[in-house]
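In: Quick one: sequence plus predicted model below, questions after.
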Amino acid sequence: MSHYRSNLRDIEFNLFEFGRIQDYSSPLWADLDRDTMTDILVEIERLAREDYAASYEDQDRLGLELVDGEVTIPETVKASVAAFKDGGWDRMGLPEEMGGMAPPPSLVWAMSEMLLAANTTVQFYAGGALFARVLFEEGTDDQKEFARTWVDKQWAGTMVLTEPDAGSDVGAGTAKAIDQGDGTWHIEGVKRFITGGEHDITENIIHLVLARPEGAGPGTKGLSLFVVPKYLVNEDGSLGDRNGVFATSIEKKMGLKGSTTCDLAFGQDGPAVGYLVGDRHDGIRQMFRVIEYARMMIGTKAMGTLSTGYLNALEYARERKQGADLTRATDKSAPRVPIIDHPDVRRLLMTQKAHAEGLRALVLYTAWVQDQVILHPGDDRWERLNDLLLPLVKGYSSEKAYELLSMSLQVLGGSGYTQDYPMEQYIRDARIDTIYEGTTGIQALDLFFRKIARDQGETLATLATEIVEFVKAGADGDPFLQERELLAVMLDDTQAHLGSMVEHLMASIQGTPEEIYKVGLQANHLLESMAETVISWLLLRHAEIAVDRVEDDPFYRGKVASARWFVRHTAPKAALRRAAAEAEDGALMDLPVEAF
């Protein structure tokens, strides 16, 4: 029986009842009516539940070993990858010029939720074509042809940034690139934590590598992006000689054990030949296209994992009978009841439900914004809004999913701690999400400095205005009047929190540099408050759609309940974070290291 439980109904609600993506009039998506998109989602749900889930345990429990520079992947995992590619799904999201199909991003991310939640490891191995898209859109004419070959041959791909001594400080990387004068470069150095850096699922792996050309300046601006194949490729697309890039170790990890996370050595056993992407030195911007996609993907993965964790817990709570109803707790003859009838279990379940639906609302709203970027190419406000939302998607989703999956396990009690159920694996596999593609602290600093301060708060102000208009739209008799008022308070608290951080930033610029520490100490809390404010707004908009149908369908009653629960339980937290930000004195940074 599959471990995976989808919430296809809520996915369709977000896309079709809230986002109304079936109403797009763009010729780009003329062939995608609601029935067609629904058929796609139904097939992806089947693929996730059957083919992907089939190897979920094997990827975790069948150990991987690096032997003579090679890693053999379990056959069940290969079969799951093959099911995705044999169905042509690897071409979904690629432009037609690459032989692909590019539906609205909102549909692509809805599909991705199910695949990532069913088996992230398989989806990592299956996603090489999306790396090829970056090369196709950034590369020279010859590199565009190479990207087409990459897709046709179904080769894997990696993003290669991190180095042992640099970690998240990408600009401190020391891997170098030496110009050979013939259009090729030799890459030298060691990279670490490279997902899918070595395996035998495909005949070739194409690495997108950040390295510093000899003579280039320091920091991220001095980095360039190179294509470095595991096997060199002949003009006819056939494989040539083994290139000088080798895995020297694979990590033994807490989770996602079937995903090979490697150290890669470039140029130690023969030259590692690379090709400058686009024949221009623009590496950090080019790589950020991959990074931002990856951040969205990790937020989506986290959200999907929480959703299936909650649905597994819900199923168990409906079936497991234990204890009497609390109203008859002293009656020894009272019948045993399903544990979903116990107040604390209901509290655990509703907290999971509200957050799982809230995170999905955030992810698919962000994906809807990405639709608007394509539909309105001359209007940069959509792109700026997407930039603002991405740290919330990645940072908040990853933090809350890991935190609340422990509630999923708690519902099962001791059974949840065993491998009889998927909860313990969900938790282990989700733990990396707060670290992948920049820790939550990095996401929070990015949110404040790059997405708010650099933008002078313009995009945030526009979003806040939308929320204010929604609050004011309530009238007497509105069933959500109390929640609108709470949302207004949340927004005020979050803006005041931000205001205190801006004051510290300005003080640091005007002669008190240590004031900047106060920004760093309160940035994560700002990210949380912003995310919860946006999610509250979205869930209440969902509830407005659902409220007239609560008597017809329990699904809609659940949507209203989720919205109310989320707003009422998160609003007080924004006030506490505001108070902490306003009271921040920076004393923690004055504490001597020896005191820790």
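Out: Everything's here; your move.

In: Who does Gly189 form a beta bridge with?
Out: When assigned by DSSP bridges, Gly189 has beta-bridge partners Phe266.

In: list the contacts for it?
Out: Residues touching Gly189, when contacts are defined by Cβ atoms under 8 Å, 6 or more residues apart in numbering, comprise 163, 173-176, 211, 266-267. Backbone N, C-alpha and C define where each C-beta goes, glycine included.

In: Output those residues in CSV, with pLDDT, secondary structure and distance to Thr195 appended to each entry.
Out: Written out in CSV, the entries for the contacts of Gly189 read as follows (pLDDT from 0 to 100; DSSP: H, G, I helix; E, B strand; the rest coil; distance: Cβ to Cβ, whole Å):
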residue, pLDDT, secondary structure, distance to Thr195
Glu163, 93, coil, 15
Gly173, 90, coil, 17
Thr174, 94, coil, 21
Ala175, 96, coil, 17
Lys176, 97, strand, 23
Ala211, 97, strand, 18
Phe266, 98, strand, 17
Gly267, 96, coil, 21
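
In: ok, and the most crowded of these?
Out: Comparing these on neighbour count, Ala211 comes out first with 31 neighbours (neighbours: other Cβ atoms under 10 Å).

In: roughly how far apart are it and Gly267?
Out: Taking Cβ to Cβ, to the nearest Å as the measure, Ala211 falls 10 Å from Gly267.

In: so Phe84 touches Ala118, yeah?
Out: No: with contact taken as Cβ atoms under 8 Å, Phe84 and Ala118 are classed as non-touching, separated by 10.8 Å.

In: Looking at the two, which has the bigger crowd around it?
Out: Set Phe84 next to Ala118 and count neighbours by other Cβ under 10 Å: Ala118 wins out with 30 against 24.

In: just checking, the more buried one touches Ala54?
Out: No: using Cβ under 8 Å, Ala118 and Ala54 do not qualify as a contacting pair, with a distance of 9.3 Å.

In: overlap in contacts of these two?
Out: When contacts are counted by Cβ under 8 Å, 6+ apart, Ala118 and Ala54 have Ser2 as shared neighbours.

In: In the chain, where's the longest helix?
Out: Longest among the helix segments of the chain by residue count, using DSSP state H, is helix 283-319.

In: Past that one, which element shows up next along the chain?
Out: Proceeding C-terminally, helix 283-319 gives way to helix 343-375 as the next helix or strand, assigned by DSSP states H and E.

In: Name all residues that make contact with Leu161.
Out: Contacts for Leu161 (Cβ under 8 Å, 6+ apart) come out as 170, 173, 191, 210, 287, 291.

In: Could I get the phi/psi values of it?
Out: Per-residue torsions, Leu161: phi -120, psi -60 (degrees, to the nearest 10).

In: So it versus Met254, what's the distance?
Out: Leu161 sits 21 Å away from Met254, going by Cβ to Cβ.

In: Could you do Ala453 as well?
Out: When distance is defined by Cβ to Cβ, Ala453 is 35 Å away from Met254.

In: which one of these two has more residues nearby?
Out: With other Cβ under 10 Å as the criterion, Ala453 and Met254 differ in neighbour count, and Ala453 comes out ahead with 16 against 11.

In: hang on, Gln352 packs against Gln410?
Out: No: applying Cβ under 8 Å, one finds Gln352 not in contact with Gln410, separated by 9.9 Å.

In: Between those two, which is the more surrounded one?
Out: Using other Cβ under 10 Å, the more surrounded residue of Gln352 and Gln410 is Gln352, with 25 against 17.

In: Excluding residues flanking it in the chain, which one is nearest the more buried one?
Out: Closest residue to Gln352 in three dimensions, ignoring its sequence neighbours and counting by Cβ to Cβ, 6 or more residues apart in numbering: Tyr310, at 3.9 Å.

In: I'd like the distance between the residue in the chain sticking out farthest from the centre and Thr158.
Out: Within the chain, Ser333 marks the point farthest from the mean C-alpha position, 49.7 Å out by Cα atoms, centre = their mean. Look at Ser333 and Thr158: by Cβ to Cβ, they are 63 Å apart.

In: Do a quick rundown of the helices in the stretch 1-150 of the chain.
Out: Taking DSSP state H, counting those that start in this stretch as the criterion, the stretch 1-150 of the chain carries its helices at 8-12, 34-46, 56-61, 75-86, 105-118, 120-126, 128-138, 141-152.

In: mind checking which of the ones you listed is nearest Lys400?
Out: For these, the distance to Lys400 is smallest for helix 105-118, at 15.0 Å, taking Cβ to Cβ.

In: Kindly export that closest one (C-alpha atoms) in CSV.
Out: Provided in CSV are the C-alpha atoms of helix 105-118 (Å, rounded to 0.1, in the frame of the first residue of the first chain):
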residue,chain,number,x,y,z
PRO,A,105,3.8,27.6,-13.6
SER,A,106,0.8,27.1,-11.2
LEU,A,107,0.0,23.8,-12.8
VAL,A,108,3.6,22.7,-12.9
TRP,A,109,4.1,23.5,-9.2
ALA,A,110,0.8,21.7,-8.3
MET,A,111,2.2,18.6,-10.1
SER,A,112,5.5,19.0,-8.4
GLU,A,113,3.9,19.0,-4.9
MET,A,114,2.6,15.5,-5.5
LEU,A,115,5.8,14.1,-7.0
LEU,A,116,8.1,15.7,-4.4
ALA,A,117,6.0,14.5,-1.5
ALA,A,118,5.7,11.0,-2.8
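
In: now that helix and helix 34-46, what's the angle there?
Out: Orientation note: helix 105-118 sits at an angle of 20 degrees relative to helix 34-46 (axes from the mean of the first three to the mean of the last three Cα atoms, to 10 degrees).

In: where's helix 105-118 relative to the chain centroid, distance-wise?
Out: Between the mean C-alpha point of helix 105-118 and the mean C-alpha point of its chain there is a distance of 10 Å (Cα atoms, centre = their mean, to the nearest Å).

In: now it and helix 283-319, what's the angle there?
Out: With the same axes, to 10 degrees as the criterion, the two stretches helix 105-118 and helix 283-319 enclose an angle of 60 degrees.

In: Helix 105-118 vs helix 128-138, what angle?
Out: Helix 105-118 runs at 150 degrees relative to helix 128-138, counting by the same axes, to 10 degrees.

In: and helix 105-118, what other elements does it pack with?
Out: Taking 3 or more Cβ pairs under 8 Å, 6 or more residues apart in numbering; DSSP states H and E as contact, the helices and strands that helix 105-118 lies on are helix 8-12, helix 34-46, helix 120-126, helix 283-319, helix 343-375.

In: quick one: strands adjacent to the strand or helix carrying Arg212?
Out: If you go by DSSP H and E, Arg212 is part of strand 205-213. Sheet pairing of strand 205-213 (DSSP bridges) gives strand 156-160 (parallel), strand 176-179 (parallel), strand 224-229 (antiparallel).

In: quick one, it and helix 141-152 angle?
Out: In terms of direction (the same axes, to 10 degrees), strand 205-213 departs from helix 141-152 by 150 degrees.

In: List the residues that contact Gly395.
Out: Contact criterion Cβ under 8 Å, 6+ apart gives 299, 434, 440, 443-444, 447, 524, 527, 531 as the residues in contact with Gly395.

In: wait, I meant Asp429
Out: Asp429 makes contact with 60, 120, 255-256, 305 under the criterion Cβ under 8 Å, 6+ apart.

In: wait, isn't Gly270 in contact with Gly244?
Out: Yes: checked against Cβ under 8 Å, the pair Gly270 and Gly244 is within contact range at 3.9 Å.

In: So if I had to pick from these two, which one is more boxed in?
Out: Between Gly270 and Gly244, counting by other Cβ under 10 Å, Gly244 is the more crowded of the two (20 against 13).

In: Phi first, then psi, for the more buried one.
Out: Listed backbone geometry of Gly244 is phi -90, psi 50, with angles given as degrees, to the nearest 10.
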